[in-house]
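Colleague: Structure for the following, please:
(3 chains)
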Amino acid sequence: MAEKTHSIIDPEAVPQEAIHHRWESWRRGIYRFRTNRMSMVGLVILIFILLVAISAPWIAPYPEAATRANPLARDQSPNETYYFGTDRIGRDIFSRVLLGTGLALRVGTTIVFMASSIGVTIGAVSGYFGGWVEELLMRFTDIFLTVPGLVLAIAFTAALGRGIDNAMIGIALVWWPGFARMTRSQVISIKEEPYVEAIYGLGGGHMRIIFRHILPNAFSPIIIKMTTDFGFAVLTAAALGFVGVGAQPPTPEWGAMINFGRDYFPERWWMSTFPGMAIWLMVFCWNLLGDGLRDVLDPRSRR
Amino acid sequence: MNDSLLEIRDLHLEFHTFEGVAKVLAGVNLQLRRGEFLGLVGETGCGKSMTALAIPRLIPIPPGRITRGEVIFEGKDLLQLNDKGIESFRARELGYVFQDPVTNLNPMFSIREQLIDAVVYQSDANGRKPAGQRRRPASSRQKRRDAFQRSIELLHMVGIPDADRRIHDYPHQFSGGMRQRVLIAMALAGEPKLLIADEPTTALDVTIQAQILRLIQELGRKMGLSVLLITHNLGVVAKICDRVAVMYSGRVIETAPVRDLFNQPLHPYTQGLLKALPHAQSERGGLEGIPGHIPDLISPPAGCRFHPRCAHVMDHCREVVPPVSRKTAEHHVFCHLFDETEEYGHAR
Amino acid sequence: MGAHGNPVDHSTNATMNIYIYVLRRLLLVIPVLLGLSLITFSISRLVPGDPVGLAAGPQSTPEIRERMAAEFGLDRPIPEQYINYMAGVLQLDFGRSLYTKRDVNIELQARIPATLELTLAAIIFASTIGIPLGIVSSLHQNKPPDHVSRLLTLFFVSFPSFWLAMIFQSALGVYWDITPVAGRFPRLALPPQRVTGLLSIDSLLAGDLTAFFSTLHHIALPAFVLSLGALASITRITRASMLEALNNESVRTERSIGIPWALIVMKYVLRNAFTATFTIISLEFGWLMAGAVLVEAIFGWPGLGGYIVDASLNNDFQPIMGVTLVYGVIFSTVNIITDICYGLIDPRIRFG
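Modeller: Take a look at the predicted model:
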């Protein structure tokens, strides 16, 4: 009766089981995501935003008037020609909001990818090597965490020179520490797993182990953070535009548009109301998505 | 039959999971008499803990769902009580000791605070205060002072040295065995009639296990408790229980006085279990003597759930759930092999 | 603790340990602040263009500019400038603004309490709404109240605070005239004698209730708008930590004993959930100080935010450096206080 049908440890069977397990958890994840109504709403809004961003140059009624002054059409309230009205110098706000969509998406993507590549690299290196490397990198990270990100981003952008590109760099430069902290703790827990030691024993190089074997397993929290951060990155860039160090006129950037309409609020409310609603929609959809993804991928929030 | 304290009849419990509906309990029948120690044994996942949790209704209700059955305690069906009623049952009649003493005490509160609450609410329930009445101002302080004295006595009773000093400590300042003693004190604070102990020693060091078991045995006998002891360790059952019930995949398959069961196991599963005993002594391992898997609870085998692993399987084992067969008045088995032995029974 | 006859040395040891712990934490802050000053100093020297020229104005002659550079020490080698600056900082002298020619530390003294008061008020708002909302959510997990509270908090946190501030200011301040449009205190009234710099506390200390209510009246709207940013995360963390605490096995034990459900939740579960919520609240404090930059700009709140925005727009780096250092100090202090409180709340944590 030596037949132990379960708990037979067959070395060949392990990877297959792991693959099966990963696929199974993806299947569950997609199922959970789809049953989460809020995140589905977020996804629908995002698809809508993407469509608008792609087609904006064609569907915007006055693409050329978005950036050029038109003294004959200034200060118009929303009407049949200008759905969202026009601003102080006669630019069509509807067209500007549409054209600003692509810009906002680009801004969010750039910031999130720049910040996560810096942060993940620093976090992975410090978590993997430990010792003085970790001490040094983490103290460096702490410096950035002792000042509110927005304040430092304003200072950085001002120093680099105003404009949307520098604003993205400035924001990314203060955004990475969150990724670094998170990646570090992930890497520390993963590198203790036996399979990593096994690969190390087989003579894998450090970089190969970090990027091929450890980071893929730290993926889900990074994805969650990228998603939730996307909306707030757009929001921060808009804030810089609003303050005046971000996008400069005539760039159709929503934050700068709000700033431009600020002096005429509330009499000419349309100038800043519509861009504000656009920002809200963009941030809201990413927050919905992030919340849904957290439910799907974060084992702690699951119940 | 009239010395029965607790009777579970045909209890069905389901859990709704991502994979489907798990039929965790599929008609559990169990009887506990006044003053007896009943061992409930079976493999991990057979439903013994769920059966115990279902008695005071501590199963999380979604995802769990009780679809059929009764839990009769002194003539009342616990499943029919309202929230107040079940709370007062737990306070007045029940003591429950769980497996892991580390997670079962609240780490943020001192032992004093937790014990005093246990004493206050259990004695309030015993004082037969009308339900819903708030006890507070006037006597509250005095009540807690009395409860404090009682708490120290309880700690003495469960053998915690230096109790009047240690009572102020926090759980993390106690060892595992000491914490389990504290939990036993909390369970017994209201002098219940029923004590459920769910693998009370599994999480402890081997040397401590015997002490805790002896404590439960002594206190149980002294206070005249009915004890439902859940374990996967047949050795423990042999040592301290009067009767034993064997569970397999959501059903009780055999109940008997301890000696009868060990001398003459009837169900093929019980036989396998006993054969495996010398090897399986250690921890909750696989059952080396019995080939095959523990059945899947979502699509369990039809008929007798043991039939795919049974050496004596017959055709109608695959279709019909075996009814109770009474070998003697005390020795019941749920297996088609014994269908003909009805003559001993007093079928309902 | 001692009242119950614990050994005396035990408690004195604990307080000693707290002192040592705080001292060690304070020492660790020093390199971080040095690093911060180095970073802000370097970026201030990155400033494109010529800050001196900008400050001196377009009509300035080379001599005027040279004299100005000498006056502000900008003709020295960069390392020397840094050392001089840091020597000043140690004596709480943050230099002088090139643009306004005013001493930075005078501005800071006036503005730090304003920002602190606004942020504190917002944190109090966010917690009084967010914590109950999170508790309700957790007790009705995945049922309508839970969905509504999650949706509502996500809805509000997605608004650009500066935009919302504008709208509320126009609606409540201008249109309905319920709240003051801007500022911390009536322009023509005499503020209470300065003790803490927090007007609400100072007016209470002075026994001036009119001033106190006027302060509250002024701070209500900005603090509310600011608090919306922290609301979502406070609610979410409260919910998550409540769920974790509710699933703790000790809750099952407490139920099996027959302790009423309401008491289990209000006493045991809440206490267990509190540490995580507490941590997030102190983290949010930092986020809100950042958000305050924008809200201050809208409501004409005389705090650090408006100061650093103006300085950035004018390439005026002396105030930028001063303000960032102050933020660094405030942040580090909040962190240390949080960790100490954490240790006091959780009996398992021993300092040392």
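Colleague: Enumerate the residues of the stretch 101-250 of chain C near chain B.
Modeller: Residues of the stretch 101-250 of chain C lying close to chain B by CB under 8 Å from any CB of the partner chain are C:248-250. Just so you know, the C-beta spots here come from the backbone N, C-alpha and C atoms, and that holds for glycine as well.
Colleague: Select from the residues you listed the one having the most neighbours.
Modeller: Within those, most neighbours by other CB atoms under 10 Å in any protein chain shown means C:Ser250, with 24 neighbours.
Colleague: doesn't that residue fall inside a helix?
Modeller: Yes: counting by DSSP: H, G, I helix; E, B strand; the rest coil, C:Ser250 is part of a helix.
Colleague: Same list, the residues of the stretch 101-250 of chain C next to chain B, but as TSV with pLDDT please.
Modeller: Shown next, in TSV, are these (pLDDT from 0 to 100):
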residue	pLDDT
C:Asn248	85
C:Glu249	86
C:Ser250	89
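Colleague: Tell me the one of those nearest chain A?
Modeller: Comparing these against chain A with CB to the nearest CB places C:Asn248 closest, at 12.8 Å.
Colleague: give me the number of residues near the residue lying closest to that closest one once chain neighbours are set aside?
Modeller: The shortest distance from C:Asn248 to any non-neighbouring residue, by CB to CB, 6 or more residues apart in numbering or on different chains, is to C:Asn272 (6.4 Å). Neighbour count for C:Asn272, taken as other CB under 10 Å: 22.
Colleague: Look up which helix or strand the closest residue to chain A within chain C falls in, please.
Modeller: Taking CB to the nearest CB, chain A has its nearest neighbour within chain C at C:Ala290, 3.1 Å off. In the assignment (DSSP states H and E), C:Ala290 maps to helix C:270-299.
Colleague: List the contacts of residue 204.
Modeller: No chain specified, so I'll use chain A. Taking CB atoms under 8 Å, 6 or more residues apart in numbering or on different chains, we find A:Gly204 in contact with A:212-213.
Colleague: wrong one, I was asking about chain C
Modeller: C:Phe212.
Colleague: picking up where we left off before, quick one: contacts for the residue of chain C closest to chain A?
Modeller: A:148-151.
Colleague: ok so, going back, helix or strand next in line after the helix holding C:Ala290, which one?
Modeller: Heading C-terminal from helix C:270-299 (DSSP H and E), you reach helix C:304-313.
Colleague: Is any residue of that next one near chain A?
Modeller: Yes: contact of helix C:304-313 with chain A (CB under 8 Å from any CB) involves C:305, C:308-309, C:312-313.
Colleague: What does the residue nearest to the residue of chain C closest to chain A when sequence neighbours are not counted show for phi and psi?
Modeller: Excluding the flanking residues, the one nearest C:Ala290 by CB to CB, 6+ apart is A:Pro148, at 3.1 Å. Dihedral pair for A:Pro148: phi -50, psi 130, per degrees, to the nearest 10.
Colleague: For C:Asn335, see how far away C:Thr40 is.
Modeller: 19 Å (CB to CB, to the nearest Å).
Colleague: The host helix or strand of C:Gly88 - contacts with which helices or strands?
Modeller: Secondary structure assignment for C:Gly88, by DSSP H and E: helix C:78-90. Contacts defined by 3 or more CB pairs under 8 Å, 6 or more residues apart in numbering or on different chains; DSSP states H and E place helix C:78-90 against helix C:8-46.
Colleague: quick check, B:Cys66 in a helix?
Modeller: Quick fix: residue B:66 is Ile, not Cys. No: secondary structure of B:Ile66 (three-state DSSP): strand, not part of a helix.
Colleague: That one is in contact with B:Leu79, isn't it?
Modeller: Yes: using CB atoms under 8 Å, B:Ile66 is in contact with B:Leu79, at 6.4 Å.
Colleague: about what we covered before: tell me the one of the residues of the stretch 101-250 of chain C next to chain B nearest C:Leu116?
Modeller: C:Asn248 (36.3 Å; CB to CB).
Colleague: that older thread, the more surrounded of C:Thr40 and C:Asn335?
Modeller: C:Thr40 (24 against 19).
Colleague: contacting residues around that one?
Modeller: Going by CB under 8 Å, 6+ apart, C:Thr40 touches A:155, C:317, C:320-321, C:324-325.
Colleague: so which helix or strand takes in B:Ala256?
Modeller: Residue-wise, B:Ala256 maps onto strand B:251-257 under DSSP H and E.
Colleague: May I have stretch B:15-26 exported as PDB, CA atoms only?
Modeller: Taking Å, rounded to 0.1, in the frame of the first residue of the first chain, the C-alpha atoms of stretch B:15-26 are listed here in PDB:
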ATOM      1  CA  PHE B  15     -19.600  27.300   0.400                       C
ATOM      2  CA  HIS B  16     -19.900  29.400  -2.600                       C
ATOM      3  CA  THR B  17     -16.500  29.800  -4.200                       C
ATOM      4  CA  PHE B  18     -15.100  30.900  -7.500                       C
ATOM      5  CA  GLU B  19     -14.900  27.300  -8.700                       C
ATOM      6  CA  GLY B  20     -18.500  26.500  -7.800                       C
ATOM      7  CA  VAL B  21     -20.500  25.400  -4.800                       C
ATOM      8  CA  ALA B  22     -18.500  23.300  -2.400                       C
ATOM      9  CA  LYS B  23     -20.700  20.800  -0.500                       C
ATOM     10  CA  VAL B  24     -18.700  21.000   2.700                       C
ATOM     11  CA  LEU B  25     -21.200  19.200   5.000                       C
ATOM     12  CA  ALA B  26     -23.600  16.700   3.400                       C
END
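Colleague: That one close to chain C?
Modeller: No: counting by CB under 8 Å from any CB, chain C has no neighbours in stretch B:15-26; the shortest distance is 12.7 Å.
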